[in-house]
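1. Have a look at this prediction, sequence included:
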Amino acid sequence: MRPGGRERVAKRVTVVAVAALVAGVVAVGIPANAAWTLPDLPERDRASWTMPLDQYVGVGVVRLNYATELLIQACMVEAGHDDAVVPWRDVDAATNATERQPLRAFDLAAARERGYHVPATDDQGADAWRAFEYRETSQDEALDRSTCLDRAYRQHPELLTGASASASTGSVGDIAIRLSNAAFLEARQDSSVRRAADAWHTCMLDEGVGAGPWADDLPDDPADMPTPAMADAFTSYDPATPVGDDELELAETDAGCRETSGYLHALYDAEWQEQLTVPHDYGERLAQIDTGPLVAAHQLVDRTIERLGPERPEGL
C-alpha cells in the first residue's frame with residue numbers, strides 16, 4: 001500500500017466506483033438523479049459510526065465461516081470427530097486483508113490503538129486454519145458434518161441470510177459498501193464539514209503542530225492526514241511495523257482536534273444525510289433484502305466468536 005493512509009487510497013478506488021455507479025444508472029435509462037429513499041433507519045450512533053446503509057451489508061465471509069465452524073464444533077466432537085476442534089485465527093486481520101469494508105472516520109480510539117497505521121492484515125493463525133480447512137475427512141465425517149450444519153441452520157436460519165448479502169463483488173452487500181464509501185467521500189465536501197476543517201487546522205496550530213517537525217507539512221484538511229511525508233516517516237502503510245511515540249502523539253492530537261473542532265460531528269451528519277437516498281436501480285436491489293435477519297446474523301456471529309472462539313496461542 002502506498003503511503004498516505006487508508007482514506008487516501010480508498011478515495012482513488014471509490015472515485016472509480018462512483019463513476020461506475022452513475023454509468024450503470026444511465027445505462028438502464030433511469031436519470032442519474034433519480035433517488036430511492038431508504039425506508040428504515042438505524043439508531044444514530046456516532047461512536048460506532050453507524051450509517052443507514054450498514055443494515056444492507058451481510059456478515060463477512062471470514063467471520064461467517066469461522067462462526068459456523070464454531071457452532072457445529074460440539075456436534076462434530078460428539079459424533080466422534082476430534083479433528084473438528086476449531087483452531088484460533090485472527091478473524092479481524094483476515095477480514096482486513098481480504099474483504100471490502102465501509103470507510104470510517106479517523107477518531108481518537110483508532111489513534112490510541114494504532115496511530116496512523118493501517119489495520120493489521122496478517123492473520124497469525126492462517127496456517128492452522130488452512131490445515132483445518134483442508135484436512136482429510138472420511139465419508140462418515142462428511143455425512144456427520146452435513147447433519148450438524150443442517151441442525152445449525154435450523155436453529156439459526158439467519159446464518160443463511162447473512163451469507164446472502166456478503167460483500168462479494170456484485171452482491172447487495174458490495175453495492176451497499178460502494179454506495180456508503182461514495183457517500184463518505186461526498187460528505188467531506190459538505191460546506192459544514194469544510195468549515196469544521198478550517199477549525200481543525202486552527203486547533204492543530206494551537207496545539208503546536210505548526211511549529212514542530214511538521215510545520216511545513218501540515219495540510220488544511222484532516223482528510224489529508226497523514227501526509228505522504230508523515231506516512232513515510234512512520235511507515236504507517238505497513239501494519240507490521242511498530243507504532244512509535246511521535247506517531248501516537250501526532251495522531252492523538254489530530255484526532256482530538258477533529259473532535260473539539262466539530263469536524264467529526266459535521267462529517268457524521270453529512271454522511272448520514274448522503275446515505276438517506278441512493279440511485280434508483282440500486283435502491284431496487286436493496287429493497288429485496290430483509291434487513292432484520294441480517295442484523296440478527298451479525299449479532300449471532302459476534303456472540304459466537306466471542307463465546308466459543310479459542311484463546312490465542314502463546315507466541316502468536
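-> Right, received. Where do you want to start?
2. Residue ranges in the chain under the pLDDT threshold?
-> Applying pLDDT under 70 to the chain flags residues 1-33, 162-169.
3. Isn't residue 60 up against residue 95?
-> Yes - here residue 60 reaches residue 95: they are 5.1 Å apart, a contact under CB atoms under 8 Å. C-beta coordinates here come from the backbone N, C-alpha and C atoms, glycine included.
4. wait, what's in contact with the closest residue in space to residue 88 that isn't next to it in sequence?
-> For residue 88, ignoring the flanking residues on the chain, the nearest one in space by CB to CB, 6 or more residues apart in numbering is residue 310 at 4.5 Å. Counting by CB atoms under 8 Å, 6 or more residues apart in numbering, residue 310 makes contact with 86-88.
5. how much space between residue 310 and residue 276?
-> As judged by CB to CB, to the nearest Å, residue 310 and residue 276 stand 42 Å apart.
6. What ranges does the chain have for its strands?
-> Using DSSP state E, the strands of the chain run over 35-37, 277-279.
7. Strand partners (parallel or antiparallel) of the first one?
-> The strands beside strand 35-37 in its sheet (DSSP bridges) come out as strand 277-279 (antiparallel).
8. Please state the offset of the partner strand from the chain centre?
-> On the basis of CA atoms, centre = their mean, to the nearest Å, the separation between the geometric centre of strand 277-279 and that of its chain is 21 Å.
9. Stretch 305-316 now?
-> Offset of stretch 305-316 from its chain centre (CA atoms, centre = their mean): 22 Å.
10. And for stretch 229-247?
-> In terms of CA atoms, centre = their mean, the centre of stretch 229-247 is set 21 Å apart from its chain centre.
11. Between its first and last residues, how far does it reach?
-> Distance across stretch 229-247, first residue to last, is 12 Å (CA to CA, to the nearest Å).
12. how much space between the nearest residue to residue 176 once chain neighbours are set aside and residue 159?
-> Computed as CB to CB, 6+ apart, the closest residue to residue 176 that is not its neighbour in sequence is residue 56, at 3.8 Å. Residue 56 sits 17 Å away from residue 159, going by CB to CB.
13. So for those two, which residue has more residues nearby?
-> Comparing residue 56 with residue 159 by other CB atoms under 10 Å, the one with more neighbours is residue 56, at 25 against 22.
14. For that one, give its distance to residue 107.
-> Noted for residue 56: a distance of 24 Å to residue 107, by CB to CB.
15. Of the contacts of residue 310, grab the buried ones for PyMOL.
-> Typed into PyMOL, the line below selects the buried ones among the contacts of residue 310, using 16 or more other CB atoms under 10 Å:
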select buried, resi 86+88
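16. shouldn't residue 179 be in contact with residue 274?
-> No - if you go by CB under 8 Å, residue 179 and residue 274 don't touch, sitting 9.2 Å apart.
17. Name the residue in those two with the higher neighbour count.
-> Each of residue 179 and residue 274 has its neighbours counted (other CB under 10 Å); residue 179 has more, 26 against 21.
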